[in-house]
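K.L.:
sharing a model prediction with you, sequence too.
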Amino acid sequence: MKPARRPRPQRRRRAPPGTAPGTVRIDPNAAPTRLRAMLFNAESLIEVDSPELALPPEGTTLWLNIDGLGDGALLGRVAEVFGLHPLAMEDIVNVHQRPKAEDFGNRQFIVLRMPQPDAAGFQTEQVSLVLGKGFVLSFQERSGDVFDPVRQRLRNPERTIRARGADYLCYALLDAVIDACFPPIEALTERIEAMEDAAVFGATALTMSEIQEQKRQILTIRAAVSPLREVLIALMREDHPMVGDTARLYLRDCQDHVLQLNDALTSLREEVSGLVDILLSAQTHRTNEVMRILTLISTIFIPLTFVAGVYGMNFDTMPELQWRWGYPVVLGVMALIALGLLLWFRATGWLGRR
């Protein structure tokens, strides 16, 4: 039975060649834009849906989360109020970017790929962070993210995240995205190990389409994880004006997590390559088994065919033709030849070999 073909991920829309830098092109299929704000300091927290756009007061930190990139006018007002560079806005709405960090003077722009589950396993969506003085902006393609643990920490008055400023909040969001990459990799590891067991012990048939699907998943998560090392190196510069010593210290922990993810992905790539070798070896082994059985059958029937051919010749003077017991004797001789060959094959180990 031919395996069903799984749908490939939808291609990202890109600007036409030659488009001027900084041109913001809104995807007509993009999700509606929704704003959520969390304004806090060490003593208080205010959460607002659809807030008024304004810079935070002195001594407070603002986290403005933007879900959906379909409202160009609203995104334009966000860019105007918070002083976003046109090149940053272009990368925010064109969601085919690789993870990166760019310094726009008093604004730090970061692009991440956030894993999200789907029917085939998982895909990644672009998350853009903008770090400014006293605020962090997060832009997402649609509703649903991995930032709920950060929100819970902000709602807890006993946690110190409220008092540590915008750079620490930016670290917390970055750390949440990085940690969200571990469950897909663990799930991939379990699936590949199960496929290895099936291939080695023959519990189920392993197909090339299954291996290719796992390779595609590994490439998807690898594209999200591998560039993060460069992002963290850019943020951990000693002279970075937007990142303080405390946040820089915690970013080193993020870097350690990225190294762990990269090591796990390297192991998975090697295991998937090994699965291809196992599959080809299993197919070769099955082919050899079929050829061995066919060879044994042919070998048995060659002398039988010879005897049948001899007594199929049309000669009147063959003495056995007039003998009463000639026919059963010839059949018996042929049966003995076949039995003798089978016993010989069994004695030499050609039968019953696994």
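P.N.:
It's in.
K.L.:
what about the helices in the stretch 1-150 of the chain?
P.N.:
For the stretch 1-150 of the chain, the helices defined by DSSP state H, counting those that start in this stretch cover 72-82, 86-93, 148-155.
K.L.:
most packed of the ones you listed?
P.N.:
helix 86-93 (a mean of 20; mean count of other CB atoms under 10 Å). Quick note: C-beta positions are derived from backbone N, CA and C, even for glycine.
K.L.:
between helix 72-82 and that helix, find me the angle.
P.N.:
Calculated by axes from the mean of the first three to the mean of the last three CA atoms, to 10 degrees, helix 86-93 forms an angle of 140 degrees with helix 72-82.
K.L.:
counting contacts, what elements does helix 86-93 pack onto?
P.N.:
helix 72-82, strand 108-118, strand 121-132 (3 or more CB pairs under 8 Å, 6 or more residues apart in numbering; DSSP states H and E).
K.L.:
distance to residue 242 and mean pLDDT added to the ones you listed, as TSV?
P.N.:
TSV is the format used below for the helices and strands packed on helix 86-93 (distance: least, CB to CB, whole Å; pLDDT from 0 to 100):
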stretch	distance to residue 242	mean pLDDT
helix 72-82	14	94
strand 108-118	5	91
strand 121-132	5	91
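K.L.:
circling back: between the helices of the stretch 1-150 of the chain, which gets nearest to residue 117?
P.N.:
helix 148-155 (14.8 Å; CB to CB).
K.L.:
run the angle between the helix or strand following that closest one and helix 148-155 for me.
P.N.:
Next along the chain after helix 148-155, taking DSSP states H and E as the criterion, comes helix 165-179. Interaxial angle of helix 165-179 relative to helix 148-155 (the same axes, to 10 degrees): 150 degrees.
K.L.:
please begin residue numbering at 3 from this point
P.N.:
OK, 3 is where the count begins now, so the last one is helix 167-181.
K.L.:
what does helix 167-181 contact?
P.N.:
63-65, 110, 112, 114-116, 129, 131, 133-138, 140, 148-149, 151-152, 155, 163, 227, 230, 233, 237, 244-246, 248-249, 252-253, 255-256, 259-260, 263 (CB atoms under 8 Å, 6 or more residues apart in numbering).
K.L.:
filter those to the buried ones?
P.N.:
Among the contacts of helix 167-181, those scoring as buried are 63-65, 110, 112, 114-116, 129, 131, 133-134, 136-138, 140, 148-149, 152, 163, 227, 230, 233, 237, 244-245, 249, 253, 256, 259-260, 263 (criterion: 16 or more other CB atoms under 10 Å).
K.L.:
in terms of secondary structure, what does the worst-scoring helix or strand of the chain on mean pLDDT contact?
P.N.:
Taking mean pLDDT, DSSP states H and E as the measure, helix 328-349 is the helix or strand of the chain with the lowest mean score, a mean of 80. Under the contact definition 3+ CB pairs under 8 Å, 6+ apart, helix 328-349 sits against helix 247-312.
K.L.:
can you check what angle separates the helix it packs on from helix 328-349?
P.N.:
Going by the same axes, to 10 degrees, helix 247-312 makes 150 degrees with helix 328-349.
K.L.:
and helix 247-312, average pLDDT?
P.N.:
Averaging pLDDT along helix 247-312 yields 83.
K.L.:
counting by contacts, list what that helix packs against.
P.N.:
Using 3+ CB pairs under 8 Å, 6+ apart, helix 247-312 sits against helix 167-181, helix 184-203, helix 210-227, helix 230-237, helix 328-349.
K.L.:
of the ones you listed, which stretch is the most buried?
P.N.:
helix 167-181 (a mean of 22).
K.L.:
how far does that helix sit from the chain's center?
P.N.:
What separates the centre of helix 167-181 from the centre of its chain is 23 Å, taken as CA atoms, centre = their mean, to the nearest Å.
K.L.:
could you do stretch 243-254 as well?
P.N.:
Here stretch 243-254 is found 30 Å from its chain centre; the criterion is CA atoms, centre = their mean.
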